[in-house]
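please work out how this folds:
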Amino acid sequence: MSKRTIRIVQEHVRISDPHVTSDNAERLSILGNVFDPLIRVQEDGTFEPALARSWSLSPDARTWTFDIRDDIQFHDGHPLMPEDVVFSLCRMRDEDIPGELGTSGVIRGYLAGADIARAGAHEVVVKTPEPMADLLDLLCEIPILSESAVAALPDRFVGTGRFRVEETGDQLVLESDELRLIWQAEADASKRLQAVLSGEADIAAKLLPRHAAHPDVRVERSTTSVCATFMFNFDRRLVRNEHFRRAMNLAVDVDTLVREVMHGAADALTGPLTRRHLGFDPDVESWPYDPDAARREIDAGGLRGEKVLVDIPAVLPDEAPELALRVAAYLSDVGLVAEVRTETDRPGYANQVRYRKIGDMACFDSSPASTFRVFREKFHSGFAGPWWLGFANRDFDHLVDRARRTADLEDRRHLYRLAYRILRDEAPWLFLYNPVRLTAIDEDSSVIPSGWRPAAGGLLLF
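Numbering: from 1, shown residues only. Below you'll find the model as predicted:
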């Protein structure tokens, strides 16, 4: 009996070293079928076992113990051992392991100084130098490889996942005992959609917002952790003025941006977290569109006629140029003058933001699914992480520090909600929207497993 073959088209089929830090969904979709982490995150933000049967956390939130499965083999026959887990976690903090779009060293910053070791026949213990109650947020993103599997890269990709890599290049082929997945690269989203409409493909990933309501195909909407925003640079005089930050969030009609720019394929943000984040508070209201109130804030701050320097990338988010034009018009309406600068080098742009070599605000699509990472890397003034742009609030820092010492999930959620409210009110960003990820699926296909839909974040896992 021949294997069922599922044909998938997506933006690219590049995979490279699985330990390179990345939040690119195309790359993670492929790797997620070939490699396994210790635990997996679900759509609601909870975790389920993968290569770890179970885990526990000490009351001081510093010692994690993982029970490693003893019934798993790598594709080359090598049995999974606790030493493979230790090796992988240690390698992720190696200074030689790079990251994409400015993410180099992010994981290293959390595992640096941790004692990672085998304990007993099937256990791995991770002792962090400081409390880290949210460590699972990080570990769910780390594929487990053996030393021999790493040595085989990039010629062979050897994991423990359901699928083996049989072919790489412009076409990538993954095979299990029952299924063959053929991944084709197509940079044009409209052509990806057309491939499903014409029957040339069964699944098309990352459609454009305008495809959300296409009448001739089933389009799945997957929640993401992405926050499309303009981040404020607190090195700048304007941004340190609280009236300016409030005025910006009152002056922009986010609902119209969602409707007209994103074609409804997004949800307005109420702060720097999405529904997928621990600590998201559904009772927190978004900033209203109120240009009169924005003008009052501008007058109160003595800001009328001020020039606002706005930096954007040409892509990622791809709608950044249109957002900039619309935001500039909103600012003009309330008495400010926007000057927009566009950067075509996207990795270079990420570094400009990271090192605060930007104007008053910069368009960015922030995406960690971990509240711990969002708060520590972007807003905690004591940690001053890779995307911290100078915001400082002592009460916020204290809440985040308490949360990382709090092992109980619900207690931690409460602390994060309090911190979330502070960020909403302090407005260190211009909060825009949380885009959904759109995937076209051929409803007439007989090869897609019954009931299958994209996993958390829109990843294509089988």
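
helices and strands of this structure: which one bottoms out on pLDDT?
helix 106-111 (a mean of 79; mean pLDDT, DSSP states H and E).

and it, how far out from the chain's middle?
On the basis of Cα atoms, centre = their mean, to the nearest Å, helix 106-111 is displaced by 16 Å from the centre of the chain it belongs to.

which parts of whichever helix or strand comes after it are buried?
For helix 106-111, the succeeding helix or strand toward the C-terminus, using DSSP states H and E, is strand 115-119. If you call a residue buried by 16 or more other Cβ atoms under 10 Å, then strand 115-119 has these buried ones: residue 116. (Glycine included, C-beta is placed from N, CA and C.)

neighbouring strands - and their directions - for strand 115-119?
Strand pairing for strand 115-119, using DSSP bridges, gives strand 123-127 (antiparallel).

buried stuff in the partner strand?
For strand 123-127, a neighbour-count test (16+ other Cβ under 10 Å) marks 123-126 as buried.

what residues does that strand touch?
62-68, 82, 85-86, 89, 114-119, 135 (Cβ atoms under 8 Å, 6 or more residues apart in numbering).

sketch out the helices for the stretch 1-150 of the chain, chain order is fine.
Taking DSSP state H, counting those that start in this stretch, the helices of the stretch 1-150 of the chain run over residues 25-34, 82-92, 106-111, 135-139, 147-152.

which stretch in the ones you listed has the least confidence?
Taking the mean pLDDT of each of the helices of the stretch 1-150 of the chain, the lowest value is held by helix 106-111, a mean of 79.

okay, and the beta partners of residue 363?
residue 230.

now do residue 179
residue 4.

verify the stated contact: it with residue 6.
Yes - at 6.5 Å, residue 179 counts as touching residue 6 under the criterion of Cβ atoms under 8 Å.

what's near enough to touch the nearest residue to residue 338 once chain neighbours are set aside?
Distances taken as Cβ to Cβ, 6 or more residues apart in numbering put residue 328 closest to residue 338, at 3.7 Å, once the chain neighbours are dropped. Under the criterion of Cβ under 8 Å, 6+ apart, the neighbours of residue 328 are 310, 338, 340.

about what we covered before: identify all contacting residues around the least confident helix or strand of the chain.
21, 89-90, 92-95, 97, 99, 128, 132, 135, 138, 141-142, 373, 377, 385-386.

now do stretch 175-183
3-10, 13, 30, 33, 162-164, 166, 171-174, 462.

quick check, pLDDT for residue 320.
For residue 320, the model assigns a pLDDT of 98.

quick revisit: list buried residues within the contacts of stretch 175-183.
Here, 16+ other Cβ under 10 Å leaves 6-10, 13, 30, 33, 162-164, 172-174, 462 buried among the contacts of stretch 175-183.

and which of those is nearest residue 429?
residue 10 (29.4 Å; Cβ to Cβ).

now that closest one: closest residue in space, sequence neighbours ignored.
Among residues not flanking residue 10 along the chain, residue 205 sits closest, at 3.9 Å (Cβ to Cβ, 6+ apart).

if we can go back for a sec, of the contacts of strand 123-127, grab the buried ones for PyMOL.
The PyMOL selection below is limited to those of the contacts of strand 123-127 classed as buried (16+ other Cβ under 10 Å):
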select buried, resi 62+63+64+65+66+67+68+82+85+86+89+114+116+135
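
rewinding a little: scan the contacts of residue 328 and report the most crowded one.
In terms of neighbours by other Cβ atoms under 10 Å, the contacts of residue 328 top out with residue 310 at 23 neighbours.

tell me if that one really is in a strand.
Yes - counting by DSSP: H, G, I helix; E, B strand; the rest coil, residue 310 is found in a strand.

what is in contact with residue 179 and residue 6 at once?
Common neighbours of residue 179 and residue 6 (Cβ under 8 Å, 6+ apart) are residue 462.

and residue 338, bridged to which residues?
Counting by DSSP bridges, the residues bridging with residue 338 are residue 308.

that one contacts residue 332, correct?
Yes - with contact defined as Cβ under 8 Å, residue 338 counts as touching residue 332 (6.9 Å).

between these two, which contacts overlap?
By Cβ under 8 Å, 6+ apart, residue 338 and residue 332 have no common neighbours.

circling back to that earlier point, among the buried ones among the contacts of stretch 175-183, find me the one that's closest to residue 319.
residue 10 (19.2 Å).

ok so, going back, the helix or strand hosting the residue nearest to residue 338: how far from the chain's middle?
According to DSSP H and E, residue 328 maps onto helix 320-333. Helix 320-333 sits 25 Å away from the centroid of its parent chain (Cα atoms, centre = their mean).

so for that helix, what gets flagged as buried?
320-321, 323-324, 326-328, 330-331.

residue contacts, residue 78?
Residue 78 neighbours (Cβ under 8 Å, 6+ apart): 146, 148-149, 158.

of the residues you listed, closest to residue 407?
Nearest member of the contacts of residue 78 to residue 407, counting by Cβ to Cβ, is residue 146, at 31.3 Å.

for the closest residue to the closest one other than its chain neighbours, give me its contacts.
Nearest residue to residue 146, sequence neighbours excluded (Cβ to Cβ, 6+ apart): residue 84, at 4.7 Å. Going by Cβ under 8 Å, 6+ apart, residue 84 touches 144-147.

how far away is residue 84 from residue 271?
In this view, residue 84 and residue 271 are 39 Å apart by Cβ to Cβ, to the nearest Å.

and residue 348, by the same measure?
29 Å.

which one of those two has more residues nearby?
Higher neighbour count among residue 348 and residue 271: residue 271, with 27 against 13, using other Cβ under 10 Å.

host element of the residue nearest to the more buried one when sequence neighbours are not counted?
The shortest distance from residue 271 to any non-neighbouring residue, by Cβ to Cβ, 6+ apart, is to residue 424 (4.1 Å). Element membership of residue 424 [criterion: DSSP H and E] is helix 409-426.

can I get the next helix or strand after that helix in PDB? Just the C-alpha atoms.
As assigned by DSSP H and E, the chain's next helix or strand after helix 409-426 is strand 429-435. Output in PDB follows, covering the C-alpha atoms of strand 429-435 (Å, rounded to 0.1, in the frame of the first residue of the first chain):
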ATOM      1  CA  TRP A 429       4.500  51.100  22.900                       C
ATOM      2  CA  LEU A 430       1.800  52.200  20.400                       C
ATOM      3  CA  PHE A 431      -0.300  49.100  20.700                       C
ATOM      4  CA  LEU A 432      -1.800  48.000  17.400                       C
ATOM      5  CA  TYR A 433      -2.900  44.400  16.800                       C
ATOM      6  CA  ASN A 434      -2.300  40.700  17.100                       C
ATOM      7  CA  PRO A 435      -2.400  39.200  13.600                       C
END
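
since that was my last question, I'll sign off now.
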